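Enquirer: sequence first, predicted model second:
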Amino acid sequence: MLLYKPTQSPQPTDSFVDNSQIKIATFNLFNYLEPPNAFYDFECIYSAQQWVKKQLWLKEYLSEFKPDIIGFQEVFSSESLRLLVYEQGYNFFQVVEQPKITDEFIYSNPVVAIASRYPIVEVDNVSVDTELAVSMGLSIDFSYSRNVLRATIDIPHLGLTDCYVVHFKSKRSMIDADINNKMSAEALYTEKLKSEISGRWASSMQRGSEAALLLIHMFARREEKGFPMVLMGDFNNCLSDGVLRHLLTYDLSGLKNHNKGTFIDKYWLKDSWELYINSQQCNSTPLTHLKLKEQRVATHYYGGKGSVLDYILLSCEFDACYQGSLFGLSSYQVYDRHLINPIFERDGQSTDHGVVLITLELRI
């Protein structure tokens, strides 16, 4: 399903044989909507000056860091984004859905997108396996809160690679408190408390179910095609939390040591940060390694508390410890200057997330 035709004819992978370094980024754009349209509410409209500033901020990041493949979240104006990234050298761009529009100018339900310097040969909207969802105790009409995009990209040296872009359900409560003006102060507080607890748990169940269904889809796709896998996006949760922990398939009970080094290896997904730390461990003392693990940078801040919500997970082809891998992770960066040291003139229309960028080096 190709919603955008390539800006130029795809080139064969052989034309990129000199590319020994590949950069991949995940980027939450935070309400990327061209005026005069409004996001969520009729008053939320960028001025012309604010929109130019937001566009410039994005261009400057792309120009400085030059990722080769980018997974975007919170996209409302997909055509504006396509034109912007094309000017920066990304000839291949895809989305698989469009946001919801009410009253002709109020936008909601932003979508994910992907841009690439390398040919996107196929794109798909990952569907929910309804039979599996029902067997998990979910409703027959269960769906992702935001559709998942899979783009198969012809990456130098790797060949066809399945790249998934996600924006899992947020922690925001899914249930509104049922209140009225006749309630006592205690009843009002209690009702809000009940709705917050139940609503946040409903969001957790939605998010965890989305991750589980996607992972099983990825397994089936991997079994059928055998392509390397990249999963990136805004997970709206720390991976260490039990709700999403199953995405790191090597952590599942009974699989950690079972048939290690054989068929299980190719289904593992590993956190790019851990792969980066492991690659540094070879040249460091255990104490230094421990310090490195403590230095992971938050990608989002709420109430002054930082957390890691944005991830890039990789299959074994990117793990230098795996005998058959082609690439190893040489760099892991979080661009967060706009979060920890913002300057209004520079960062006033940026994003509320850090941008995660990994660099992969060809193993010779």
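Expert: Ah, there it is.
Enquirer: need the helix or strand of this protein with the lowest average pLDDT.
Expert: The helix or strand of the chain with the lowest confidence, counting by mean pLDDT, DSSP states H and E, is helix 286-293 at a mean of 53.
Enquirer: ok, and what's touching the helix or strand just after that one?
Expert: Following helix 286-293 in sequence order, the next helix or strand is strand 300-302 (DSSP states H and E). Identification of contacts with strand 300-302 by CB atoms under 8 Å, 6 or more residues apart in numbering yields 306, 307, 308, 309, 310, 339, 352, 353, 354. Quick note: C-beta positions are derived from backbone N, CA and C, even for glycine.
Enquirer: same for the helix or strand just after strand 300-302, what does it pack against?
Expert: Per DSSP H and E, the first helix or strand lying C-terminal to strand 300-302 is strand 305-307. Under the contact criterion of 3 or more CB pairs under 8 Å, 6 or more residues apart in numbering; DSSP states H and E, strand 305-307 touches strand 300-302.
Enquirer: got the buried residues for the strand it packs on?
Expert: Neighbour counts over strand 300-302 (16 or more other CB atoms under 10 Å) mark residue 300 as buried.
Enquirer: could you give the mean pLDDT of that strand?
Expert: Per-residue pLDDT over strand 300-302 has a mean of 94.
Enquirer: return the distance of it from the chain's centre.
Expert: 16 Å (CA atoms, centre = their mean, to the nearest Å).
Enquirer: tell me what residue 101 is bridged to.
Expert: Residue 101 has these beta-bridge partners by DSSP bridges: residue 107.
Enquirer: what's the farthest-apart pair in the contacts of strand 300-302?
Expert: Greatest spatial distance among the contacts of strand 300-302 (CB to CB): 308 and 352, at 14.2 Å.
Enquirer: and these two? which has more neighbours close in?
Expert: residue 308 (20 against 14; other CB atoms under 10 Å).
Enquirer: against residue 19, how distant is the more buried one?
Expert: For residue 308, the distance to residue 19 equals 29 Å [CB to CB, to the nearest Å].
Enquirer: between the two ends of stretch 169-178, what distance do you get?
Expert: Taking CA to CA, to the nearest Å, the first and last residues of stretch 169-178 lie 23 Å apart.
Enquirer: how about residues contacting it?
Expert: Here stretch 169-178 has contacts from 145-146, 191-192, 194-196, 198-200, 202-204, 206-207, 210, 236-237, using CB under 8 Å, 6+ apart.
Enquirer: same for the strand ranked longest in the chain, what does it pack against?
Expert: The residue-count maximum for a strand in the chain (DSSP state E) belongs to strand 21-32. Secondary-structure packing of strand 21-32 (3+ CB pairs under 8 Å, 6+ apart): helix 48-65, strand 69-75, helix 78-87, strand 229-234, strand 310-314, strand 355-362.
Enquirer: can I assume residue 215 sits in a helix?
Expert: Yes: remark: residue 215 belongs to a helix, assigned using DSSP: H, G, I helix; E, B strand; the rest coil.
Enquirer: find the nearest non-adjacent residue to it, please.
Expert: residue 247 (6.0 Å; CB to CB, 6 or more residues apart in numbering).
Enquirer: just checking, the one you found touches residue 218?
Expert: No: counting by CB atoms under 8 Å, residue 247 stays clear of residue 218, with 9.6 Å between them.
Enquirer: overlap in contacts of those two?
Expert: Common neighbours of residue 247 and residue 218 (CB under 8 Å, 6+ apart) are 231, 269.
Enquirer: can I get stretch 79-97 in CSV? Just the C-alpha atoms.
Expert: Taking C-alpha atoms only, stretch 79-97 is exported to CSV below (Å, rounded to 0.1, in the frame of the first residue of the first chain):
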residue,chain,number,x,y,z
GLU,A,79,2.3,16.6,2.8
SER,A,80,4.1,19.5,4.5
LEU,A,81,6.4,17.0,6.2
ARG,A,82,7.0,15.2,2.9
LEU,A,83,8.1,18.3,1.2
LEU,A,84,10.3,19.4,4.0
VAL,A,85,12.2,16.1,4.2
TYR,A,86,12.5,16.0,0.4
GLU,A,87,14.4,19.3,0.5
GLN,A,88,16.7,17.7,3.0
GLY,A,89,17.5,14.7,0.8
TYR,A,90,14.9,12.2,1.7
ASN,A,91,13.4,11.0,-1.5
PHE,A,92,11.3,8.3,0.1
PHE,A,93,8.4,9.1,2.5
GLN,A,94,5.3,7.3,3.6
VAL,A,95,2.3,7.4,5.9
VAL,A,96,-0.5,4.8,6.0
GLU,A,97,-3.4,6.9,7.2
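Enquirer: distance between that stretch and the chain's centre?
Expert: Centre to centre, stretch against its chain (CA atoms, centre = their mean), the figure for stretch 79-97 is 17 Å.
Enquirer: and that stretch, what's buried?
Expert: Along stretch 79-97, these residues count as buried under the neighbour rule (16+ other CB under 10 Å): 81, 82, 84, 85, 88, 90, 91, 92, 93, 94, 95, 96.
Enquirer: max pairwise distance over the residues you listed: which two?
Expert: Largest pairwise distance in the buried residues of stretch 79-97, by CB to CB, is 21.8 Å, between 88 and 96.
Enquirer: whatever helix or strand residue 224 lives in - what's its average pLDDT?
Expert: Per DSSP H and E, residue 224 falls inside helix 185-225. The pLDDT scores in helix 185-225 average 87.
Enquirer: what's it packed up against?
Expert: helix 130-135, strand 148-155, strand 159-167, strand 229-234.
Enquirer: and residue 112, which of the three is it?
Expert: Applying three-state DSSP: residue 112 is strand.
Enquirer: what pLDDT does the residue nearest to it when sequence neighbours are not counted get?
Expert: Excluding the flanking residues, the one nearest residue 112 by CB to CB, 6+ apart is residue 165, at 4.4 Å. At residue 165, the model reports a pLDDT of 98.
Enquirer: I appreciate the help and will end here.
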